[in-house]
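>>> One predicted model, sequence on top.
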Amino acid sequence: MRRYITSPPESVREADSASQHVTPLALYLPVDWRCIKVFLGVYIEPSSNLIAEVHAEGVVSREGKVNSFVAMRLTLCLLKVSHRHRLRMLWRHRGVIRTASPLIPEYLQRKGSLALTNKLKIEPIDANKYVGSNRPQFEKWEPAVKDDPRFFTPTEKDSPDYHDEPVHHFTSDCQLSEGLEQASILTKSQTFEGMPESVKHYMDFEPLPDQDELVQRSIMQAHIWDPTKVKLPKRHNPDLPMWHFKAEKGIPSAKTRAITIRNMLRLCQFLEPSYSDISRLVKRNHYLSTFYMFQGTQHLAIKGSADALVASKSAVPAFASGDEVKSSADFSLPDIFPLSPLIDLNMQHVYRSENVTGWMDGASHVHPHLLCLDFPTQWTTSQRNACALMMSFGHSLSMAKQMYGWEVSDLPQPISTQCLLTDGHNFTLSFFQLNTLRMDSDDGIKNMAWFDSDNKLFNKIVPKRAMLRNTKYEDYDPQVFKKVAAMYLYGAKKA
């Protein structure tokens with residue numbers, strides 16, 4: 001019997017209208033009286049002219065005729081899944097816990113019977129003898145051969161870089177729970193919205209021939225044209241928690257972000273002939289490691305690798321004037337009490353107090369000009385800005401220690417750094433100016449940071465249920481590339 005919801009025939013509708021017991025919402029089932037041999041365990045709505053009773057062999061009306069349509073009420077009992085049989089089988093097979101009988105050791109079985117244990121004089125020993133302070137102390141075993149592969153694995157305290165006082169580590173993949181406010185406390189910074197006015201002037205550069213077409217081709221290369229096909233992570237849509245997505249192959253998101261950054265910097269390099277004194281060097285996977293004392297008591301280290309770093313021979317010009325830097329002393333840092341600013345940082349006891357700028361001695365391009373990072377899509381705007389602020393502060397701090405020494409607190413001149421974060425289509429631009437390294441208190445002048453967030457190069461419309469190959473790319477914004485190019489050209493003079 002095939003069940004489906006359909007409209008009843010004309011005769012049934014007339015009977016329903018004449019009856020006072022049939023409800024307007026009913027499930028009509030086509031019944032073949034020649035082959036039906038099922039028992040319908042549901043409630044049948046009685047009708048004065050249509051249905052009288054339900055038999056195991058069929059449905060019979062009061063006139064003795066078999067009706068071709070049966071009206072049934074759609075109840076919860078009809079849709080309920082019975083778990084009685086499953087629970088009964090579980091109780092039958094797992095209701096009784098069966099434990100194995102005690103076994104006689106094999107060496108005793110080889111000796112003879114269990115009675116042999118008395119001859120061997122095996123005496124029971126109280127377990128409390130080996131618990132707590134009564135536990136016997138055994139000498140540390142040392143192998144006869146020092147390079148034996150079974151050599152004792154050293155612990156953290158055995159390392160020569162072990163310190164009793166731990167250090168708090170921040171890396172580029174560290175997600176700060178309080179976002180920008182937490183990073184402002186860690187870096188003693190005053191934040192502003194928008195790009196600095198000195199950088200906006202560089203947006204009026206002479207564009208490349210077919211500039212918009214080149215940028216769009218770069219987008220297509222990163223998102224569609226790249227030949228990489230690997231199995232992608234399983235998709236999840238919070239709006240459709242029960243939807244099952246099929247396994248797909250495509251371009252990994254990490255490679256998409258890397259190609260986007262590489263193509264953007266390559267297009268910016270085509271603008272260099274219009275400027276006379278510009279000299280930029282692009283380095284991939286630039287590593288940084290530096291540290292400082294936070295509030296005079298806590299060791300805080302900043303480590304991580306950038307996808308790309310644009311370096312220059314000369315330092316980046318300051319974004320703020322001297323008067324603006326002095327006025328920052330009146331700014332009060334945000335308060336995230338009762339949380340500690342160090343709550344999201346990992347603590348380690350094995351570390352080295354070293355300052356690694358990522359450049360060898362004698363390198364020509366040592367000044368960090370533009371730092372390029374990628375970030376997961378799940379991060380909020382505040383968390384992206386916090387990551388950009390911390391990494392920009394780390395590169396500026398490392399350069400300050402390299403130029404003015406490890407114990408410097410008052411800088412002779414500010415050190416500026418720019419940072420770009422992207423997930424492939426959304427760009428976050430940050431500008432940082434290091435004014436002081438007096439991190440023991442919140443008083444005095446502050447460091448300064450500007451943020452231009454949520455710049456969408458285009459809209460990436462991912463289908464909710466369809467495959468990723470049906471993703472749409474719309475609403476290209478040419479102003480985003482102009483902002484990135486302005487950061488690349490900042491500080492250069494026209495030819």
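Cool, got the structure. Given the structure is predicted, the values throughout are model-derived calculations rather than measurements. Numbering: from 1, shown residues only.
>>> The residue nearest to Leu267 when sequence neighbours are not counted in helix, strand or coil?
Spatial nearest neighbour of Leu267, chain neighbours left out: Leu214 (6.0 Å); criterion: Cβ to Cβ, 6 or more residues apart in numbering. Where C-beta positions appear, they are placed from N, C-alpha and C, glycine not excepted. The three-state label given to Leu214 by DSSP: H, G, I helix; E, B strand; the rest coil is helix.
>>> Now for the closest residue to Arg465 other than its chain neighbours: which residues touch it?
Leaving aside its sequence neighbours, Arg465 sits nearest to Trp243 (Cβ to Cβ, 6+ apart; 6.3 Å). Going by Cβ atoms under 8 Å, 6 or more residues apart in numbering, Trp243 touches 237, 464-465.
>>> I'd like these laid out as TSV, including distance to Gln402.
Listed next are the contacts of Trp243 as TSV, based on distance: Cβ to Cβ, whole Å:
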residue	distance to Gln402
Asn237	48
Lys464	51
Arg465	54
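>>> between those, which has the most around it?
Asn237 (13 neighbours; other Cβ atoms under 10 Å).
>>> which residues touch that one?
Taking Cβ under 8 Å, 6+ apart, we find Asn237 in contact with 243, 245, 464.
>>> per-residue pLDDT, it?
At Asn237, the predicted lDDT confidence score is 78.
>>> Retrieve the pLDDT associated with Ser48.
Listed pLDDT for Ser48 reads 36.
>>> Secondary structure class of the closest residue to Thr381 other than its chain neighbours, three-state.
Counting by Cβ to Cβ, 6+ apart, Ser453 is the residue found nearest to Thr381 once chain neighbours are left out, at 5.0 Å. Classification of Ser453 using three-state DSSP returns strand.
>>> Surely Ser453 is in contact with Cys387?
No - here Ser453 lies out of contact with Cys387, judged by Cβ atoms under 8 Å, at a distance of 11.8 Å.
>>> Distance-wise, check Phe458 relative to Thr380.
Separation of Phe458 from Thr380 (Cβ to Cβ, to the nearest Å): 21 Å.
>>> Compare the two and say which is more crowded by neighbours.
More crowded of Phe458 and Thr380, by other Cβ under 10 Å: Phe458, with 19 against 11.
>>> Is it correct that the more buried one is in contact with Pro478?
No - counting by Cβ under 8 Å, Phe458 stays clear of Pro478, with 10.4 Å between them.
>>> And the strands in the stretch 201-350 of the chain?
Taking DSSP state E, counting those that start in this stretch as the criterion, the stretch 201-350 of the chain carries its strands at 230-231, 249-250, 280-294, 298-312, 346-350.
>>> among those strands, which is nearest Cys419?
With Cβ to Cβ as the criterion, Cys419 lies closest to strand 298-312 of those, at 8.9 Å.
>>> For the closest one, which residues meet the burial criterion?
For strand 298-312, a neighbour-count test (16 or more other Cβ atoms under 10 Å) marks 298-304, 306-312 as buried.
>>> Ok, stretch 343-361 next?
Going by neighbour count (16+ other Cβ under 10 Å), the buried part of stretch 343-361 is 344-345, 348, 351, 355, 357-359.
>>> tell me which of the residues you listed is nearest to Asn263?
Gly358 (23.2 Å).
>>> Does the closest one belong to a helix, a strand or coil?
coil.
>>> And it, how close does it get to Tyr275?
Distance from Gly358 to Tyr275, by Cβ to Cβ: 25 Å.
>>> Phe192 too?
According to Cβ to Cβ, Phe192 stands 27 Å off from Tyr275.
>>> what is Arg280 paired to in the beta sheet?
Ser312 (DSSP bridges).
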